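> What shape does this take:
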Amino acid sequence: MTPEAALKLEAMTPSQFELQVFEKKRQLVILDNLVLDVKGYEHHHPGGRFVMQRNIGRDISKFFYGGYSMMAGRQPQKVHSIQALSIAKRMVVGYIEK
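Next comes the predicted model:
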């Protein structure tokens, strides 16, 4: 991420994040305290549309790094690649303020 892009990131409190997702209907997720806009990516995600839609408004870090599986016992935990991290970085629109 360039320094110019970092300056344009939107700071959000957890409440503001929820407002953006549930009232303004933005397709946002959290990864490592960063806010990602995943709108349109469900058509490209290898896990499919269900995985993406099911996680809108959630912190996906545990799924991204393989610490948890959505379908416990039915599917192995998935650790995402460096390429997946690169794709995620292009979706960053903000960060969560603590």
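
> thought Arg49 was touching Glu42?
Yes: Arg49 is in contact with Glu42 according to Cβ atoms under 8 Å; the separation is 4.2 Å. In this view, the C-beta of every residue, glycine as well, is placed from N, C-alpha and C.

> between those two, who's got more neighbours?
Set side by side, Arg49 and Glu42 show more neighbours around Glu42, with 16 against 11, by other Cβ atoms under 10 Å.

> separation between that one and Lys25?
15 Å (Cβ to Cβ, to the nearest Å).

> what sits up against the helix or strand that contains Glu18?
For Glu18, the host element (DSSP states H and E) is helix 14-22. With Cβ atoms under 8 Å, 6 or more residues apart in numbering as the test, helix 14-22 has contacts from 12, 26-28, 30, 35, 56-57, 96.

> now, which of those sits nearest Gly66?
Ile30 (16.9 Å; Cβ to Cβ).

> wait, what's in contact with the closest one?
17, 36, 58-61, 96.

> Give me the below-cutoff pLDDT ranges for the chain.
Low-confidence segments of the chain (pLDDT under 70): 1-7, 67-79.
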